[in-house]
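> I need the structure of the sequence given here:
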Amino acid sequence: MENDPTCQERESPIAVRAAALTSSAFVRVVHTGSHEQTTVMTVPPDGETGEAVRAGIDQLFLVVEGTAEARVADLALGLWPGDVVFVEAGTRHNIVNRAVVPLRLVTVSAPPAHAPDSVYLTRADAEAATSEYSRRERFSKDTS
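Okay, the predicted model is just below:
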């Protein structure tokens, strides 16, 4: 792997769990690759990620801290630290914080769902920016 030119060198590995535990932002992009993106999310008590259907984007949600309910299509699943939920592209989903403490998640989206290095302090900020980023990405691919 040392001589593989496709491997990106980094000064240090990404401490994703630590980033999830210390971020206060609703969404913080911690890595964007060619085909995937890793974010950390902090959902306040009684908050939610927001119901969404992401056409063309597969997602994985890992609970780092807190408890939640995952609503995926017609299913409702209880989530605890260490649990993972996979959401296939085009599937309606929402993650609802059921705890009195912030819910801390690591998410992986393929392909990327946000502009690289994005930080959104609130759900409203994330929803507005994601819609704009998705629109621009679709437009740039349609005109290529």
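
> From now on I want contacts and neighbour counts done on CA atoms only, so please keep to that.
Will do.

> Secondary structure element holding Cys29?
Not quite, residue 29 is Val, not Cys. Assigned by DSSP states H and E, Val29 falls within strand 27-32.

> Give me the mean pLDDT for that strand.
In this model, strand 27-32 carries a mean pLDDT of 95.

> Sort out which residues of it are buried, please.
Val27, Arg28, Val29, Val30, His31, Thr32 (16 or more other C-alpha atoms under 10 Å).

> Leu77: what's it in contact with?
For Leu77, the contact set (C-alpha atoms under 8 Å, 6 or more residues apart in numbering) comprises Glu69, Ala70, Arg71.

> Now the buried members of the residues you listed.
Glu69, Ala70, Arg71.

> thinking again about what came up before, helices or strands up against the strand holding Val29?
strand 37-43, strand 119-120 (3 or more C-alpha pairs under 8 Å, 6 or more residues apart in numbering; DSSP states H and E).

> Sheet partners, orientation included, of it?
Strands that pair with strand 27-32, judged by DSSP bridges, come out as strand 37-43 (antiparallel), strand 119-120 (antiparallel).

> Give me the contacts around the first one.
Counting by C-alpha under 8 Å, 6+ apart, the neighbours of strand 37-43 from elsewhere in the structure are 16, 19-20, 23-32, 49, 97, 102-113.

> Grab the most central residue of the protein for me.
Centroid-nearest residue in the chain: Thr107, 3.5 Å away (criterion: C-alpha atoms, centre = their mean).

> number of nearby residues for the closest residue to that residue other than its chain neighbours?
Closest residue to Thr107 apart from its sequence neighbours, by C-alpha to C-alpha, 6 or more residues apart in numbering: Phe61 at 4.6 Å. Phe61: 21 surrounding residues under other C-alpha atoms under 10 Å.
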